[in-house]
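> The sequence isn't on hand, but the structure is:
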């Protein structure tokens with residue numbers, strides 16, 4: 001069943017969805033008292049998991065840019081993204097309006113419809129992770145153009161693009177107020193990660209074949225986010241999220257994701273127990289559905305009095321594992337129910 005799949009890609013997607021769940025779980029502890037052991041543990045966990053969404057984008061870039069994408073592929077790819085998105089947007093909206101009383105106790109059907117329509121226009125008003133949907137759709141729309149360019153571009157052109165993207169992204173990250181950023185926006189955003197995922201697989205370099213180098217990048221990336229958050233919070237006398245941002249266009253997240261990409265790309269997964277590979281592959285296949293539902297499960301779990309351990313970092317890991325299992329179970333059951341099975345199997 002899985003013989004033709006790229007195991008390293010499945011493992012990256014498995015780790016990516018676990019990292020994203022870890023971010024959403026750890027965000028529930030973000031309001032703990034500053035500079036306590038609990039706060040340090042949570043900030044470290046949040047720093048460690050920042051690679052999640054970046055890896056997803058990089059893997060998508062590798063898969064889509066390694067061969068030319070004809071325009072005829074766009075409708076099918078859109079369907080795979082949009083149909084599950086519509087379903088879960090409706091579910092989240094109904095829960096927020098009917099159960100959690102987002103519109104108050106006197107909500108109306110008209111108010112619910114308006115909430116849903118607004119959710120399509122501004123998905124993050126429904127739930128935070130839905131921003132990813134429109135971002136990846138935009139990259140899918142660009143993929144026929146990007147793939148044709150990148151398949152014919154010399155490596156120096158790709159490196160030129162990535163260099164300009166990196167410089168402008170750092171300038172934007174530092175919040176430097178300059179007009180030219182407004183006119184160079186076509187170099188900014190997730191498109192850099194998209195191209196980077198492809199570049200890291202074609203570039204011939206001893207460093208890109210070194211798991212030790214990858215590990216160094218992971219550690220440096222985590223420390224940038226972790227220590228940066230501590231220092232900025234100290235001087236602000238409040239929690240600073242300067243290094244922790246939606247979309248993770250930050251130096252720490254970027255270095256961590258590149259390092260993890262290099263490590264996983266260079267591991268021979270054929271030598272690992274087939275059961276572990278099968279688990280990673282199954283999670284990988286359902287990773288988009290898991291991504292859409294995970295915040296709902298996280299919110300539900302935090303409504304219950306769960307006290308697995310007093311050590312916050314370990315608690316975040318355990319809850320993240322539980323959330324991953326429940327999310328996979330939900331998608332697994334949906335795939336075996338008539339009509340619902342069509343949502344995740346476009």
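Good, I have the coordinates. In this text the structure is predicted, and so the values were computed from the model without any measurement.

> drop to CA atoms for contacts and neighbour counts, all remaining ones
OK.

> ok, how many other residues are close to residue 19?
Residue 19 is flanked by 23 other residues according to other Cα atoms under 10 Å.

> close enough to count as contact, it and residue 50?
Yes. The pair residue 19 / residue 50 is scored as a contact, 6.9 Å apart, by Cα atoms under 8 Å.

> What residue, apart from its backbone neighbours, is nearest residue 123 spatially?
residue 130 (5.4 Å; Cα to Cα, 6 or more residues apart in numbering).

> and residue 2, what pLDDT?
pLDDT for residue 2: 51.

> Next: the one 5 residues further on.
At residue 7, the model reports a pLDDT of 95.

> Just say helix, strand or coil for the residue of the chain most remote from its centre.
Centroid-distance maximum for the chain: residue 106 at 36.0 Å, with Cα atoms, centre = their mean. The three-state label given to residue 106 by DSSP: H, G, I helix; E, B strand; the rest coil is coil.

> Give me the distance between it and residue 113.
Here residue 106 is placed at a distance of 14 Å from residue 113 (Cα to Cα, to the nearest Å).

> if we can go back for a sec, please look at the residue nearest to residue 123 and residue 292 and confirm they touch.
Yes. Contact between residue 130 and residue 292 holds when scored by Cα under 8 Å: they sit 7.2 Å apart.

> What about the nearest residue to residue 203 once chain neighbours are set aside, how many residues nearby?
Of all residues not flanking residue 203 in the chain, residue 155 sits nearest, at 7.6 Å (Cα to Cα, 6+ apart). Neighbours of residue 155 under the rule other Cα under 10 Å: 13.

> helix or strand for residue 8, which one?
For residue 8, the enclosing helix or strand under DSSP states H and E is helix 7-26.

> What is that helix packed up against?
For helix 7-26, the elements it packs on are helix 37-48, helix 52-65, helix 251-265, helix 274-285, helix 287-301, helix 312-334, judged by 3 or more Cα pairs under 8 Å, 6 or more residues apart in numbering; DSSP states H and E.

> Can you name every helix or strand that the fifth one contacts?
Using 3+ Cα pairs under 8 Å, 6+ apart as the contact test, the elements touching helix 287-301 are helix 7-26, helix 74-94, helix 312-334.

> Much appreciated, bye for now.
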